[in-house]
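Student: Sequence and predicted structure below; questions after.
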Amino acid sequence: MSTTGPEQDLRVSTLEIFFDLVFAFTLIQLTALLADHLSWGSVGRVLLVFGLVWWMYGAYAWLTNSRPPERTAERLLLLVGMAGFLVIGLAIPRGFANYGVILGLGYLLVVLVHAVLYYRVNANILRIAPFNIASALLVTLAGVLHGADGGASPAAYVLWIAALAVQLGSPLVVHPAGRFELRPAHFCERHSALLIVAIGESVAAVGIGAAGPTSRSGPLAWHVLASALLGLVVAAAMWWIAFGSGDDERAARVLTAASGRRRTALALNAFFYGNIPLLLGLIAMAAGVLRAVVQAAGRAAPAAGSAVAAGQAVVLAAGAALFLAGGMIIRVQLRTGPAGVRAAAAVSALATAAVGAFAGLNAQLLLVAAVLIAPLVAERGSAGNDSEARLDVAVGATAPVPAAGEAADDPSRGDAAG
């Protein structure tokens, strides 16, 4: 296997994109869970599952960034890890009921494969792996604790929360020594690939939801088509927010200019933490669009102003606000563009909930699309000069002359992320 230095070009492989497609299936399952069973309990379950799977996705992203899967054994192991994510996705609908053990075992498989593969890159993973394994065992144990009706017990939720705390808290407890390299261009491209895959699969989920009614004999289901097309408009706006303004290219330049610990901090703060609200927003918005489509297809819509109608509207509004906030956080961390307009748009997105609660999801979708498009229009005139000026500042701030011995990334942050 050829070695690749941290500053050399490394492109995202087709196997990694394949991996992202399987991982995105877990996000779609979370979307379906939220759309089918809207409640505070469902929101909590989505947050718990997302927290764990996103942690391990980040771990695999750092892994393949350090050593691409070029050998047959590594590729096969990565495929086994993908199988673990697939099992998690399939178990999500009943992951807090009688499929809890299956979900936990799938997660344990993901964790173990990562530990084996990462050990080939950096043996210090042995100091991090026990936390990941303990988390997976806690989730598996939680799966055993369900009542006769199949529902999870309060103790099961406590174990889930403990599992998430164990993983997210591990960097604060363990500080392993060793070198960890980060290839900026590949790292940025990998997260961009995941986002476009997730947006694409959310559109596919909406399309599948609309395909049944439109394929039936009888009058044309114009109302279903309209809901699906509104969903596509919202997805296109999300793509434009994430990629249409050149933020991904500027992010790669900033990360490349940074060195040592600064690069690791930027990667974690912007790409790991910044993508949390962005992806959660995508899940919530996709759930809202899917709900609108199935209601247009004939499922009874809740009464205007009812608690159920308000809940659906809040999920859609919160999704748009979270997506905009995630993009804003990434911009602030990397200083790749103005953030004020997007912050205002995020606040405006929350206000659309009132329209959805009383006028229906389709009316709200029109407003959400307008809110997502508005910052793109507002930034169009000043984006070029302002973004380049901010980028110059960011590059200058993140590219100091490295001191002796500073080339190595912070091992405690590196291994925790990967």
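Tutor: Alright, I've got the coordinates.
Student: where are the low-confidence patches of the protein?
Tutor: Along the chain, segments meeting pLDDT under 70 span 1-9, 147-150, 174-180, 212-221, 299-300, 381-418.
Student: And it, what are its domain boundaries?
Tutor: 14-121+129-173, 184-398 (automatic domain parsing).
Student: Would you format those domains as a markdown table with mean neighbour count included?
Tutor: From N, CA and C alone the C-beta is placed, and that goes for glycine too. Listed next are the domains of the chain as a markdown table, based on neighbours: other CB atoms under 10 Å:
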| stretch | mean neighbour count |
| --- | --- |
| domain 14-121+129-173 | 19 |
| domain 184-398 | 20 |
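Student: tell me which strands and helices the helix or strand hosting Leu232 is in contact with?
Tutor: Element membership for Leu232 (DSSP states H and E) is helix 222-239. Under the contact criterion of 3 or more CB pairs under 8 Å, 6 or more residues apart in numbering; DSSP states H and E, helix 222-239 touches helix 184-215, helix 275-296, helix 361-380.
Student: I'd like those as CSV, with distance to Leu47 appended.
Tutor: Below are the helices and strands packed on helix 222-239 laid out as CSV (distance: least, CB to CB, whole Å):
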stretch, distance to Leu47
helix 184-215, 17
helix 275-296, 8
helix 361-380, 21
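Student: What distance do you get for the nearest residue to Ala301 once chain neighbours are set aside to Val224?
Tutor: Counting by CB to CB, 6 or more residues apart in numbering, Ala301 lies nearest to Gln295, which is 4.6 Å off, once chain neighbours are set aside. Using CB to CB, to the nearest Å, Gln295 is found at 10 Å from Val224.
Student: now swap in Leu168 and tell me
Tutor: 41 Å.
Student: likewise Tyr118?
Tutor: Counting by CB to CB, the gap from Tyr118 to Val224 is 46 Å.
Student: Tell me which residues touch Ile276, please.
Tutor: Trp54, Gly326 (CB atoms under 8 Å, 6 or more residues apart in numbering).
Student: Let's see that with 10 Å instead.
Tutor: Leu47, Phe50, Gly51, Trp54, Gly58, Leu322, Gly326, Ile329 (CB atoms under 10 Å, 6 or more residues apart in numbering).
Student: Quick check, the third one in contact with Gly169.
Tutor: No: taking contact to mean CB atoms under 10 Å, the distance of 11.9 Å between Gly51 and Gly169 leaves them out of contact.
Student: Assign Val121 to one of the three secondary structure states.
Tutor: coil (DSSP: H, G, I helix; E, B strand; the rest coil).
Student: That one and Ala115, how far apart?
Tutor: In terms of CB to CB, Val121 sits 11 Å off from Ala115.
Student: what touches both of these two?
Tutor: Joint contacts of Val121 and Ala115 (CB under 10 Å, 6+ apart) are Leu63.
Student: what residue lies at the spatial centre of this protein?
Tutor: Leu279 (3.6 Å; CA atoms, centre = their mean).
Student: surely it meets Leu195?
Tutor: Yes: look at Leu279 against Leu195 with CB under 10 Å: they come within range, at 7.7 Å.
Student: list residues touching both of these two?
Tutor: Ala24, Gly326.
Student: what about the helix holding Leu232, distance to the chain center?
Tutor: 21 Å (CA atoms, centre = their mean, to the nearest Å).
Student: Kindly report the same for stretch 268-288.
Tutor: 5 Å.
Student: all helices for the stretch 51-200 of the chain, in order.
Tutor: 72-91, 100-119, 129-144, 154-173, 184-215 (DSSP state H, counting those that start in this stretch).
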